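S.K.: quick check, what structure comes out for this input:
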Amino acid sequence: MPFSFLSIPPGRRSLVLGSLLGLLSPDLRAAEPFVVPAAEQALSESEEEPSEAEEEVLVSGQRPPPTRGTDPSVAHFTIRRASLETPGLPIGDALRDAPGIQVSQLGGLGSPTTARLRGATAAQTPVYFGRVKLNDEVGGVADLGLVPTHFVESIQIYRSSAPRTAAEFGIGGAIFLVPRKAPETGRLLRMDLGSFGTRGLSLSRGYSSEERTTQVFVSLDGAKNDYSFKDTRGTLFTPDDDQTTTLKNADSRGLGTWIHHRERFGKVETEFFFGHASREQGAVKLALVPTREARVAYDRTMAQITSTIRGDRSRFELLSAAIVSETAVSDPLRELSPFSERLTTPGERFEQAILAEQDLSEDITLFERLSASIERFRRFEQRDGAPTEVLSAERLSTRLAAGLHYRPTSLLTFSVLGELRCVSTTPLSACAEPVPGGRASATFSRGSFDAFASLARAVRVPTLSELYGFSPIMRGNPRLEPEEATTGEIGVRYAGPVRGGLPLFWMDASAFIRSSENLVLFLRSTQGYLTPQNRASSRTIGAELALGLNPGPFAFTAQASWLDPRDTSPNRTTKNDFLPFLSAVTASATAHVRVLHVPESQARIGARAFVQSSRFSDPAGLGVIPEQGNVDLEAEAGFAHGELTLRASLRNLFDSARFDVVGYPLPGRSLFFSLETRFK
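M.R.: Numbering: from 1, shown residues only. The predicted structure is shown next:
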């Protein structure tokens, strides 16, 4: 039985920026490159925005665990730099180490990747790179496969809500990719090689001083993805005709360019960010039938300028951001659709925002945020001639948010945050129905123990592609209504005694319940098309547990998540009520040990494991994507005070069968290497 998939990531078309190859920018290593991951995952307790690179701040020689974020009233997990340097480990797979998150892939290595938090869809999960929201509200989701891991300092995951500085709360939470800073002036060169034709080259150059930091980064990568798999020949339950074959037309190649500059003028700080990412690969179909010549190209360009003025008891910020994306599908044999040989879907989004904070006293802080954005979506089809515009849509969105942070005692903190959003299809039309949202929370903190509870209401308006369609495969539905969700959450976190600057033991446990109205799901029609529809209601219950141990040179972390998402619509026509494409149980663990630690050389070895339960591939529960998991081995060695670093990873040690969301098998056992050198 062929599988269907949840969503199509937003598009990009390949764009060569070779002229930037000379501006090599710093992907410089941290001062302690071989600290075990639990130490690298320590998060600063400062109150800076989560989108800024947070420095590791030692408080009385201590580093907090990865579960302590900038907002203690929200369940949080941070993935630090050490976990992102493993060769052959993309951002999507690194995210599997965090609780409450499920990752979907659209193909093999280098393929588009999306993430969803606590059962929310990828479109309901906002993803930010710096201060730029990667969800362009055209495709609706953020493609994590377009972000090179070399330029990410850490990944911060907030579950069920987001900090007050975010552009939106998110129904399931929010993900923040923190760009790397330039800790010193220098250059870096990294080369990657691996199984199935995987190769990569990254070049960087950085400059850093007290007043300014600049870094420019260029990344090239590719993979043939010519791995073997068992072809069911369209008869999933008849194994007699199965045969082993090699995946065809699955190669992928990408280019990424990132520029980050920050400068201080007294109490004024200005930050500029530019990023471009493109990827070109073979197109996949809904069924397990490889295409022969169909290709798809994704392209995304983003820019951001932020100016911040800090006073003694206030902060004022101006933000301008833009994101332009495009998908181009070339289908000369019309394998994907009989109607068009080429399909292009460009889209743009521009945003302006003003943020302000005032400390009325030591215990009371006010916060305000006003933003406006405009987005446009177009669709061009080529049918035996020149491209023809068949669809054009745009809209204006405004949002006003305000909040109060009150700390009556040293142990107790209360926070209240509200928002009002307006959406209109033309700039001059009035906002007929403002959509409210908000969050109230309470936190009890005593020493290394925190207990928190919150109640939040989040709203997501349908994207333009959901309303008007994205491709011949994914159709639109102009009758979609905004999604609404109310979430209640409780949790506790604890960090044990500290040895060598690290807690010997830490843990975080949380539970939530969410009630959603008008939930948007992509359902497959009998003709094979995907159409978004509102589910009248749904209920999701979940719980997560994360813990870590740091005895001496060893480091161990583990997480387990349980999810129960149910369709509670009174007009449901299927007996099954478990929502498709979601696993009830996910779990992961990592273990590392430092085997060499001398002044000039260091080395460590480790392993990571991940498992997830089976998923339904349709609302009726007839198609099942089987349970899957894998075990990876890792090794790392550095010489000459970190000037030269070698890394290796053996992924999917036991060659376990794994599948992406459209039923394609993912790579089996594979080996990857990287060589990294630093120089002035």
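S.K.: which residues in the stretch 351-500 of the chain form strands?
M.R.: With DSSP state E, counting those that start in this stretch as the criterion, the stretch 351-500 of the chain has strands at 364-382, 388-406, 412-424, 435-446, 449-460, 483-495, 498-499.
S.K.: F673 and S195 touch, don't they?
M.R.: No - between F673 and S195 there is no contact under CB atoms under 8 Å: 10.1 Å. Backbone N, C-alpha and C define where each C-beta goes, glycine included.
S.K.: between those two, which has more neighbouring residues?
M.R.: Taking other CB atoms under 10 Å, F673 and S195 do not tie; S195 has more neighbours (21 against 16).
S.K.: sorry, back to before: what would the strands of the stretch 351-500 of the chain look like in JSON lines with mean pLDDT?
M.R.: Shown next, in JSON lines, are the strands of the stretch 351-500 of the chain (pLDDT from 0 to 100):
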{"stretch": "strand 364-382", "mean pLDDT": "90"}
{"stretch": "strand 388-406", "mean pLDDT": "88"}
{"stretch": "strand 412-424", "mean pLDDT": "91"}
{"stretch": "strand 435-446", "mean pLDDT": "92"}
{"stretch": "strand 449-460", "mean pLDDT": "93"}
{"stretch": "strand 483-495", "mean pLDDT": "93"}
{"stretch": "strand 498-499", "mean pLDDT": "78"}
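S.K.: please identify which of those strands is closest to R68.
M.R.: strand 483-495 (6.8 Å; CB to CB).
S.K.: quick revisit: do you know which of the strands of the stretch 351-500 of the chain lies nearest D93?
M.R.: Per CB to CB, nearest to D93 of those: strand 483-495, 25.2 Å.
S.K.: that closest one: which residues count as buried?
M.R.: For strand 483-495, the neighbour count (16 or more other CB atoms under 10 Å) marks E483, E484, A485, T487, E489, G491, R493, Y494, A495 as buried.
S.K.: just checking, what packs against it?
M.R.: Counting by 3 or more CB pairs under 8 Å, 6 or more residues apart in numbering; DSSP states H and E, the packing neighbours recorded for strand 483-495 are strand 449-460, strand 505-524.
S.K.: list the contacts for L95?
M.R.: Contacts of L95 were listed using CB atoms under 8 Å, 6 or more residues apart in numbering, and they are I79, I101, V103, A115, L144, I155, I157, I175.
S.K.: so of these, which ones are in strands?
M.R.: Counting by DSSP state E, the part of the contacts of L95 found in strands is I79, I101, V103, A115, I155, I157, I175.
S.K.: show the buried residues in those.
M.R.: So, by 16+ other CB under 10 Å, the buried ones in the ones in strands among the contacts of L95 are I79, I101, V103, A115, I155, I157, I175.
S.K.: closest to V132 among those residues?
M.R.: Nearest member of those to V132, counting by CB to CB, is I175, at 12.8 Å.
S.K.: ignoring the adjacent residues along the chain, who's closest to that closest one?
M.R.: V127 (4.6 Å; CB to CB, 6 or more residues apart in numbering).
S.K.: I figured that neighbour was touching G170, is that so?
M.R.: No - using CB under 8 Å as the test, V127 is too far from G170 to be in contact (9.2 Å).
S.K.: for stretch 92-99, the averaged confidence score.
M.R.: Per-residue pLDDT over stretch 92-99 has a mean of 91.
S.K.: now do the same end-to-end measure for that stretch.
M.R.: By CA to CA, to the nearest Å, the extent of stretch 92-99 from end to end equals 13 Å.
S.K.: buried ones in stretch 442-456?
M.R.: Neighbour count says stretch 442-456 has T443, S445, S448, D450, F452, S454, A456 buried, by 16+ other CB under 10 Å.
S.K.: enumerate every residue touching the fourth one.
M.R.: It stands for D450. R68, P72, T443, F444, V492, R493, Y494 are the contacts of D450 under CB under 8 Å, 6+ apart.
S.K.: now the residues you listed as a markdown table including distance to T246?
M.R.: A markdown table is the format used below for the contacts of D450 (distance: CB to CB, whole Å):
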| residue | distance to T246 |
| --- | --- |
| R68 | 47 |
| P72 | 51 |
| T443 | 54 |
| F444 | 58 |
| V492 | 50 |
| R493 | 48 |
| Y494 | 50 |
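S.K.: between those residues, which is nearest A283?
M.R.: Nearest member of these to A283, counting by CB to CB, is R68, at 43.2 Å.
S.K.: kindly state the pLDDT recorded for that closest one?
M.R.: In this model, R68 is scored at 74, pLDDT.
S.K.: surely it and F77 touch.
M.R.: No - judged on CB under 8 Å, R68 makes no contact with F77 at a distance of 9.7 Å.
S.K.: more crowded one of those two?
M.R.: Taking neighbours as other CB under 10 Å, R68 and F77 compare with F77 leading, 27 against 21.
S.K.: quick one: classify T70 as helix, strand or coil.
M.R.: coil (DSSP: H, G, I helix; E, B strand; the rest coil).
S.K.: that one: how many residues sit nearby?
M.R.: 23.
S.K.: got phi/psi on S83?
M.R.: Backbone torsions of S83, given as degrees, to the nearest 10, read phi -80, psi -10.
S.K.: at which residues are the strands of the stretch 201-350 of the chain located?
M.R.: Counting by DSSP E, counting those that start in this stretch, the stretch 201-350 of the chain has strands at residues 212-223, 228-231, 243-246, 252-265, 268-282, 295-310, 314-330, 342-359.
S.K.: out of the buried ones among the ones in strands among the contacts of L95, flag the one nearest to Q243.
M.R.: V103 (29.3 Å).
S.K.: surely the closest one touches P90?
M.R.: No - checked against CB under 8 Å, the pair V103 and P90 is beyond contact range at 9.5 Å.
S.K.: what do those two both touch?
M.R.: Residues touching both V103 and P90 by CB under 8 Å, 6+ apart: T113.
S.K.: hmm, back to that, got the buried residues of strand 483-495 as JSON lines, with distance to E269 columns?
M.R.: JSON lines is the format used below for these (distance: CB to CB, whole Å):
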{"residue": "E483", "distance to E269": "36"}
{"residue": "E484", "distance to E269": "37"}
{"residue": "A485", "distance to E269": "35"}
{"residue": "T487", "distance to E269": "34"}
{"residue": "E489", "distance to E269": "33"}
{"residue": "G491", "distance to E269": "33"}
{"residue": "R493", "distance to E269": "31"}
{"residue": "Y494", "distance to E269": "35"}
{"residue": "A495", "distance to E269": "31"}
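S.K.: circling back to that earlier point, need the helices and strands packed on strand 483-495 in CSV (columns: distance to Y298).
M.R.: Shown next, in CSV, are the helices and strands packed on strand 483-495 (distance: least, CB to CB, whole Å):
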stretch, distance to Y298
strand 449-460, 23
strand 505-524, 19
